[in-house]
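Novice: could you work out the structure for the sequence below:
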Amino acid sequence: MVAVLRRAPARPPPEPSCAAPEPSVAEARVDEKPLEAPAETYAAAKWLICTILGVLLCFSFGAALQQNAALLGADGLAPCADYVRRKREAEGIGGVARGFFRWPCLWWWVEPTDASLDAVAAAGLGAAALVAAGLHLSPLLGVCWLCHASIVAAAEASSFYSYGWETQLLETCFLAMFLCSPTAPRAHPTRSVLWLFRWLMFRISIGAGLIKTRGGSCWAKKTCLWYHFETQPVPSPASFFFHFLPRPLLSRGVDVDLVVQLYTSWLVLVVGPGRAVRWMRRAGGAMQAGFMVMIA
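Specialist: Residues are numbered from 1 along each chain as shown. So this is what the prediction gives:
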């Protein structure tokens, strides 16, 4: 048997490549630039503040639209037309501009009739609805502030709008005007205005705690919650349940109230760099917000 061996044809040599050689893994790592941390824009904080404020203003203006004619109108429980007229005469010395600075409201140019009271509430409701929908612009918040200030000013002769939350709502709305841009709803807020909001939160909380310590003896004796749930102006559906809790547990609730308002409120003002300080401020804000939700 004769075996015939065939030799495979020789392959031509590879042509030289013009491409540059690929860098090694070590060289690639050296050339990579470190990723920069994203800048803190506080866009989420602005969105939450403005959106929740818009929702609250919708409730406020909606209630005013339903009840102001019955409360402050010509045939209401406390008609405001005569009071507004006397107030304009007293504060208008020196011109309307100076009077508006001392007593900001729309009643310098509009008579507080039933129709105008409803129109002011409706205008505020429309602007608040746009803010709640995400149109965070300073002119809209300015309309909300001026309309709410006008309603509160018309009711000064009565006690209908003399509660502390009316002033807090006005101050929050006034600050929110500087939190937003006049033309760009998604513009980033400035840190100085955010610090003013932290200062507002601190003042509300520490003020409420100091009033309790300087007020009646039930806060010192830890007995206020024994009777609070059966005498509160606007009871919640859970008030009946809380009223019958053991009294020692209700007394500990007074301790929680004072600790949150007098001590943890300082956490929102902690200053300093670093993640730990930031989370400390967030924890303080979360405790304040959670406590307000709990007592609502």
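
Novice: how about the longest helix along the chain, which residues are buried there?
Specialist: Secondary structure of the chain per DSSP state H: the longest helix is helix 43-72. Neighbour-count burial for helix 43-72, with 16 or more other CB atoms under 10 Å as criterion, is recorded at 46, 49-50, 53-54, 56-58, 60-62, 64-65, 68-69, 71-72. No exception for glycine: its C-beta is placed from N, CA and C like everyone else's.

Novice: swap in stretch 90-97?
Specialist: If you call a residue buried by 16+ other CB under 10 Å, then stretch 90-97 has these buried ones: 91, 92.

Novice: cool, stretch 284-292 as well?
Specialist: 284, 285, 287, 288, 291.

Novice: could you do stretch 180-188 as well?
Specialist: Neighbour counts over stretch 180-188 (16+ other CB under 10 Å) mark 180, 181, 185, 187 as buried.

Novice: for the record, mean pLDDT for that stretch?
Specialist: The pLDDT scores in stretch 180-188 average 91.

Novice: least confident secondary structure element in this protein?
Specialist: One helix or strand of the chain scores below all others by mean pLDDT, DSSP states H and E: helix 25-31, with a mean of 50.

Novice: if we can go back for a sec, pick out whichever of the buried residues of stretch 284-292 sits closest to residue 239.
Specialist: residue 291 (16.9 Å; CB to CB).

Novice: and the nearest residue to that closest one once chain neighbours are set aside, how far is that from residue 266?
Specialist: Among residues not flanking residue 291 along the chain, residue 260 sits closest, at 4.7 Å (CB to CB, 6 or more residues apart in numbering). Distance, residue 260 to residue 266, using CB to CB, to the nearest Å: 11 Å.

Novice: which of these two has more neighbours?
Specialist: residue 260 (21 against 12; other CB atoms under 10 Å).

Novice: okay, the most centrally placed residue in the chain and residue 145: tell me how far apart.
Specialist: Closest residue to the average C-alpha location of the chain: residue 49 at 3.4 Å, with CA atoms, centre = their mean. Distance, residue 49 to residue 145, by CB to CB: 14 Å.
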